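In: Provide a 3D model corresponding to the input given below.
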Amino acid sequence: MNKATQTVIIGAGIAGCATAYFLAKQGIKSTVIDNNGIASGASGYSAGGLNPLVGHGIPGKLSELAMYSYQKHLSIWDDLQQESGIDFDGRIIDLLQVSLTDTDTNQTLRTLDIFQSTAHPNFSAEPLTQAQIQSRYPLINPSVISGVLASGNAACDSYKLTLAFATAAEKMGALITSDEAVGLVTKGESVTGVKTRTSIIPCDSLVIAMGPWSVNASEWINISIPVTPLKGQIIRLNYPALDTYPDIEIPSLPEASIHPKPDGQIWCGATKMEEMAEPFTSKQPTDLARNTIMGKILQIVPSLEQSELVLQTVCFRPVTEDWLPILGSVPDYSNCYLATGGGEKGVMLSSAIGEALADLITTGSTNVPIANTSIQRFIKNISIK
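Out: I've put the predicted structure just below:
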């Protein structure tokens, strides 16, 4: 491929901006289109956790890709911070998983086994008794019966990480523009341009990275993109007493995750839309979500009742029915690619997504383990021709 070739990327979330960054590292100048700005959706409001050992599809079909991306993040973060000039708070963190019930204890023991048996040297875990938890973390509910302290997960400020990808890419020649894609220009089996509200942008390759709204591009590429938005809300609290605590969670209270941040805020959540029985179209924070989160986190740290609410945010995460992302080429157009469906792991997967898409565009293949993420797995059900 000629290194002057232009790639258009629709979507300035973390998948699109990471793709622009990795393309720029290979000498390819891209144009990123988004009418809402950089990281205006879930990429800008995520809690920023990078846990490659647990989650939907982990252990399972997502495991290899998750660990690959985790390692890729750590390998590029120093360079990315220098290239962009943005400190995105990339760091290794601890997770305190505690038990209120025997069911919780079974899950914490599973976490202990997973972290202890992982070959990567960053990961380790130790069991904690009730007395040890109270001694080390006296703000934890004394009704907690046991726990596990797991080390090795990473974390970042997801908005700043997305901005860092975008800024570094811009410094290497990428263009990020505020506009809305409304269609494609095609010739045979190739996409030759992107129609926007204001112009037509010629391109030699296209990446659709539209997050939860990727389905809107289905008619453009003659196949349904089976991604749906998962609404979630997070509350941010001011409570300095937890500043030095690790992330905290109880398996039976998934909406009660507690994430102390470097700036002193405590992020809690997130909710899931279907569990909250809320209309998916509403972008407004709700009392129901806030009260649900608060009610659950108080079961972990009762003194959070004294905290100050700083902000409540809403975002929509792009999910597929099997919780695996959709990455790679589309059937009808040889130069059109998808980078969507990261779900609750979108931030963690972003480095692998960006590298994989850049490889496919520039060389036609990649060593990034994306074999389980092709849209082909949905083909028999989703053609809209």
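In: so the nearest residue to residue 321 once chain neighbours are set aside: helix, strand or coil?
Out: Setting aside the residues directly before and after it, residue 321 is nearest to residue 226 in space (C-beta to C-beta, 6 or more residues apart in numbering), at 6.5 Å. Just so you know, the C-beta spots here come from the backbone N, C-alpha and C atoms, and that holds for glycine as well. Following DSSP: H, G, I helix; E, B strand; the rest coil, the label given to residue 226 is coil.
In: next helix or strand past the worst-scoring helix or strand of the chain on mean pLDDT?
Out: Sorting the helices and strands of the chain by mean pLDDT, DSSP states H and E puts helix 273-276 at the bottom, at a mean of 50. Downstream of helix 273-276, the first helix or strand assigned by DSSP states H and E is helix 287-297.
In: so which elements touch the helix or strand that that next one is followed by?
Out: Heading C-terminal from helix 287-297, the first helix or strand you meet, by DSSP H and E, is strand 308-319. Counting contacts by 3 or more C-beta pairs under 8 Å, 6 or more residues apart in numbering; DSSP states H and E, strand 308-319 is packed against helix 42-45, strand 228-238, helix 287-297.
In: hmm, 10 Å instead?
Out: Counting contacts by 3 or more C-beta pairs under 10 Å, 6 or more residues apart in numbering; DSSP states H and E, strand 308-319 packs against helix 42-45, strand 228-238, strand 265-269, helix 273-276, helix 287-297, helix 346-363.
In: of those, which is nearest residue 111?
Out: Nearest to residue 111, of all the helices and strands packed on strand 308-319, is helix 346-363, at 17.0 Å by C-beta to C-beta.
In: residue 66 and residue 347 touch, don't they?
Out: No: look at residue 66 against residue 347 with C-beta atoms under 10 Å: they stay out of range, at 11.6 Å.
In: can you pick out the residue with more neighbours from those two?
Out: Neighbour totals were compared for residue 66 and residue 347, and residue 347 leads with 29 against 25 (other C-beta atoms under 10 Å).
In: isn't the more buried one right next to residue 161, touching?
Out: Yes: between residue 347 and residue 161 there is a contact under C-beta under 10 Å: 7.0 Å.
In: and the helices and strands packed on strand 308-319 as a markdown table, adding distance to residue 98?
Out: Listed next are the helices and strands packed on strand 308-319 as a markdown table, based on distance: least, C-beta to C-beta, whole Å:
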| stretch | distance to residue 98 |
| --- | --- |
| helix 42-45 | 26 |
| strand 228-238 | 19 |
| strand 265-269 | 15 |
| helix 273-276 | 21 |
| helix 287-297 | 12 |
| helix 346-363 | 23 |
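In: worst mean pLDDT among the ones you listed?
Out: In terms of mean pLDDT, the lowest-scoring of these is helix 273-276 (a mean of 50).
In: list the contacts for residue 246?
Out: Shown in contact with residue 246 (C-beta atoms under 10 Å, 6 or more residues apart in numbering): 93-97, 136-137, 149-151, 153, 258-260.
In: where along the stretch 51-200 of the chain do the strands fall?
Out: Shown for the stretch 51-200 of the chain, the strands assigned by DSSP state E, counting those that start in this stretch span residues 91-99, 124-129, 146-155, 175-177, 181-187, 190-196, 200-202.
In: which one, of the ones you listed, ends up nearest to residue 299?
Out: strand 91-99 (10.0 Å).
In: between strand 124-129 and the closest one, find me the angle.
Out: Inter-element angle recorded for strand 91-99 and strand 124-129: 30 degrees (by axes from the mean of the first three to the mean of the last three C-alpha atoms, to 10 degrees).
In: shouldn't residue 92 be in contact with residue 124?
Out: No: applying C-beta under 10 Å, one finds residue 92 not in contact with residue 124, separated by 11.1 Å.
In: any common contacting residues for those two?
Out: With C-beta under 10 Å, 6+ apart as the test, residue 92 and residue 124 both reach 151, 152.
In: isn't residue 287 right up against residue 312?
Out: Yes: under the criterion of C-beta under 10 Å, residue 287 makes contact with residue 312 at 9.5 Å.
In: neighbour count for those two, which is higher?
Out: residue 312 (19 against 8).
In: so what's the more buried one bridging to?
Out: residue 235 (DSSP bridges).
In: can you tell which of the helices and strands packed on strand 308-319 is closest to residue 52?
Out: Per C-beta to C-beta, nearest to residue 52 of these: helix 346-363, 6.5 Å.
In: how distant is that closest one from the center of its chain?
Out: Helix 346-363 has its C-alpha centroid displaced from the chain centroid by 13 Å (C-alpha atoms, centre = their mean, to the nearest Å).
In: ok and it relative to strand 146-155, angle-wise?
Out: 40 degrees.
In: mind listing what's buried along helix 346-363?
Out: 346-362 (16 or more other C-beta atoms under 10 Å).
In: and residue 134, what is it in contact with?
Out: Here residue 134 is in contact with 128, 140, 141, 142, 144 (C-beta under 10 Å, 6+ apart).
In: for the last one, give me its contacts.
Out: Looking back up the chat, that one is residue 144. Residue 144 neighbours (C-beta under 10 Å, 6+ apart): 96, 98-100, 104, 128, 130, 133-134, 137, 248, 250, 299-300.
In: check these and tell me the two furthest apart.
Out: 128 and 299 (17.8 Å).
In: returning to that earlier point: drop anything exposed from the contacts of residue 134.
Out: For the contacts of residue 134, buried by 16+ other C-beta under 10 Å: 128, 140, 141, 144.
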